[in-house]
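A.B. asks: the sequence and its predicted three-dimensional model are supplied below.
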Amino acid sequence: VQLMESGGGLVQAGGSLSLSCKASVRTADFDLMAWYRQAPDNPRDLVASITSTDSTTYADSVKGRFTISRDNSKNTLYLQMTTLKPDDTAIYYCYAFVKQLNEWRYWGQGTQVTVSS
């Protein structure tokens, strides 16, 4: 299984970016997909998640600004980010989880998001 993120870049504070995560397999088979982020010298934190039934959760710091979604017809996970702040600067990782007898977890390689003040 491969997860390939794209869409990162440099943006000014207040701007918007949209991240994509293309899976090499059917995203409909994942029980949960999510976006995490990791800033330098910080742990990797959950940003947003979406279940197979499209139930979503968000970190308090991004509620109202970020939107997670998935398009199973394209095997792609998205993260729409608006009103970006310098504190949103981090490497953003795509994550997928599936439980079929055993639990399987997959990570993308990450994409850099930099928000300038």
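C.D. replies: Cool, the structure landed.
A.B. asks: residue contacts, Leu10?
C.D. replies: Contacts were defined as C-beta atoms under 8 Å, 6 or more residues apart in numbering; by that measure Leu10 touches Thr114, Val115, Ser116. (Each C-beta comes from the backbone N, C-alpha and C, glycine too.)
A.B. asks: which among those residues count as buried?
C.D. replies: Of all the contacts of Leu10 considered here, the ones buried according to neighbour count by 16 or more other C-beta atoms under 10 Å are Val115.
A.B. asks: the helix or strand of the chain with the lowest mean pLDDT - contacts with which helices or strands?
C.D. replies: Across the helices and strands of the chain, the lowest-confidence element by mean pLDDT, DSSP states H and E is strand 102-107, at a mean of 94. Secondary structure elements in contact with strand 102-107, counted by 3 or more C-beta pairs under 8 Å, 6 or more residues apart in numbering; DSSP states H and E, are strand 90-100.
A.B. asks: helix, strand or coil for the spatially most central residue of the chain?
C.D. replies: Central residue of the chain (C-alpha atoms, centre = their mean): Trp35, 2.5 Å from the mean position. Using DSSP: H, G, I helix; E, B strand; the rest coil, the structure places Trp35 in strand.
A.B. asks: so it bridges to which residues?
C.D. replies: Trp35 has these beta-bridge partners by DSSP bridges: Ala48, Cys94.
A.B. asks: spit out the contact partners of Gln112.
C.D. replies: By C-beta under 8 Å, 6+ apart, the contact set of Gln112 is Gly8, Gly9, Ala90, Ile91, Tyr92.
A.B. asks: apart from its chain neighbours, what residue comes closest to Asp88?
C.D. replies: For Asp88, ignoring the flanking residues on the chain, the nearest one in space by C-beta to C-beta, 6 or more residues apart in numbering is Val115 at 5.1 Å.
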